[in-house]
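A.B. asks: coordinates for the following, if possible.
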Amino acid sequence: MNEIREKEAIDAYLKLLQAKGAKSDVLHRRCLFIDLLAEKLVGQVSNGEVYRDIVENVMDSVPADAWHDSLTAAREFYPFWMKDFKAIAALNINPGFDVKPIDWRPVQASLKALSDRLETEKFEAAENWPLKAYTQALRYEGAEQSLVDTRMKLAKIILIRLRTAPDKDSKAYRAAVDQTLPLFSIKHSRRLFLVVVREFYHFWSGNPDAASMVLKEGAGNALI
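C.D. replies: Numbers count the residues shown, from 1 in each chain. You can find the predicted model right below:
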């Protein structure tokens with residue numbers, strides 16, 4: 001079977017990471033996952049849906065502590081596999097390649113332990129503000145109370161996971177999310193969590209247009 005497309009994409013991706021200053025340990029971790037992913041991509045049609053489906057299947061075999069590194073590689077490798085040179089150029093100009101990954105990871109916990117904490121957990125003012133804004137936006141869009149309650153529980157789990165982050169920025173948010181995803185063994189629940197992840201981020205980061213981002217048809221629930 002022809003593997004030229006995958007080999008060329010891998011070479012180009014790793015060369016760019018190296019040129020941007022990625023250290024050998026980063027390159028090694030990315031290469032391990034990309035090689036695994038590329039095996040499944042050989043012979044597949046080049047489109048986003050196929051890529052996302054294969055990534056989801058491959059992630060099932062990835063250890064929980066490697067999810068952040070692996071998903072980062074999957075996100076970055078996609079335009080190389082698609083030969084989307086405009087997207088690669090845009091990522092190259094902007095800080096789109098994570099060559100200096102965050103060392104922090106959220107405290108290890110099970111999904112049950114996190115869910116149990118929600119019953120008694122107290123949230124600070126800086127945490128309550130995005131929660132309240134998210135709740136109001138959902139209600140304004142006509143969401144039923146059961147939907148609001150479910151989304152609030154998932155948003156609170158994100159906040160708990162972020163508690164020990166050294167910086168409250170997008171890199172910490174993504175790391176917290178990526179390392180929480182493998183706790184969801186049921187894919188339907190994981191996909192709902194991803195919808196909340198993407199909606200809640202706008203409130204957490206202070207986006208003034210956050211309210212316009214909720215309950216949108218076709219909201220992303222894929223891993224990447």
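
A.B. asks: drop to CA atoms for contacts and neighbour counts, all remaining ones
C.D. replies: OK.

A.B. asks: over to L223. Which of the three states is it?
C.D. replies: Three-state assignment for L223 (DSSP: H, G, I helix; E, B strand; the rest coil): coil.

A.B. asks: so it is in contact with E56, correct?
C.D. replies: Yes: with contact defined as Cα atoms under 8 Å, L223 reaches E56; the gap is 6.6 Å.

A.B. asks: can you list contacts of stretch 40-55?
C.D. replies: For stretch 40-55, contacts defined as Cα atoms under 8 Å, 6 or more residues apart in numbering pick out 1-3, 5-6, 37, 74, 78, 81-82, 222-224.

A.B. asks: now, of the residues you listed, which are buried?
C.D. replies: Neighbour-count burial (16 or more other Cα atoms under 10 Å) applied to the contacts of stretch 40-55 gives 5-6, 37, 74, 78, 81-82, 223-224.

A.B. asks: so which of these is the closest to A143?
C.D. replies: A143 lies nearest to L223 out of the buried ones among the contacts of stretch 40-55, by Cα to Cα, at 24.4 Å.

A.B. asks: tell me the pLDDT at that closest one?
C.D. replies: pLDDT recorded at L223 is 83.

A.B. asks: and G96, by the same measure?
C.D. replies: 70.

A.B. asks: before we move on, back to that, L183: which of the contacts of stretch 40-55 is nearest?
C.D. replies: Distances from L183 to the contacts of stretch 40-55, taken by Cα to Cα, are shortest for L223, at 13.5 Å.

A.B. asks: tell me who's in contact with the closest one.
C.D. replies: L223 makes contact with 52, 55-56, 71, 191, 194 under the criterion Cα under 8 Å, 6+ apart.

A.B. asks: can I see the domain layout of the protein?
C.D. replies: 4-93, 111-213 (automatic domain parsing).

A.B. asks: a markdown table for those, including distance to D103 and mean pLDDT?
C.D. replies: Listed next are the domains of the chain as a markdown table, based on distance: least, Cα to Cα, whole Å; pLDDT from 0 to 100:
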| stretch | distance to D103 | mean pLDDT |
| --- | --- | --- |
| domain 4-93 | 11 | 94 |
| domain 111-213 | 9 | 96 |
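
A.B. asks: turn these into CSV, including distance to V99.
C.D. replies: Supplementary listing: the domains of the chain in CSV, determined by distance: least, Cα to Cα, whole Å:
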stretch, distance to V99
domain 4-93, 5
domain 111-213, 12
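
A.B. asks: mind checking which of the buried ones among the contacts of stretch 40-55 are in strands?
C.D. replies: The strands, defined by DSSP state E, take in nothing from those.

A.B. asks: excluding its backbone neighbours, what's nearest V107?
C.D. replies: R161 (7.1 Å; Cα to Cα, 6 or more residues apart in numbering).

A.B. asks: flag every buried residue along stretch 139-155.
C.D. replies: For stretch 139-155, the neighbour count (16+ other Cα under 10 Å) marks 143, 148, 151-155 as buried.

A.B. asks: so which bits of the helix or strand containing D116 are buried?
C.D. replies: Element membership of D116, judged by DSSP states H and E, is helix 111-117. Buried residues in helix 111-117, counted by 16+ other Cα under 10 Å: 111, 114.

A.B. asks: who does that helix touch, helix- and strand-wise?
C.D. replies: The contact analysis (3 or more Cα pairs under 8 Å, 6 or more residues apart in numbering; DSSP states H and E) places helix 111-117 against helix 145-162.
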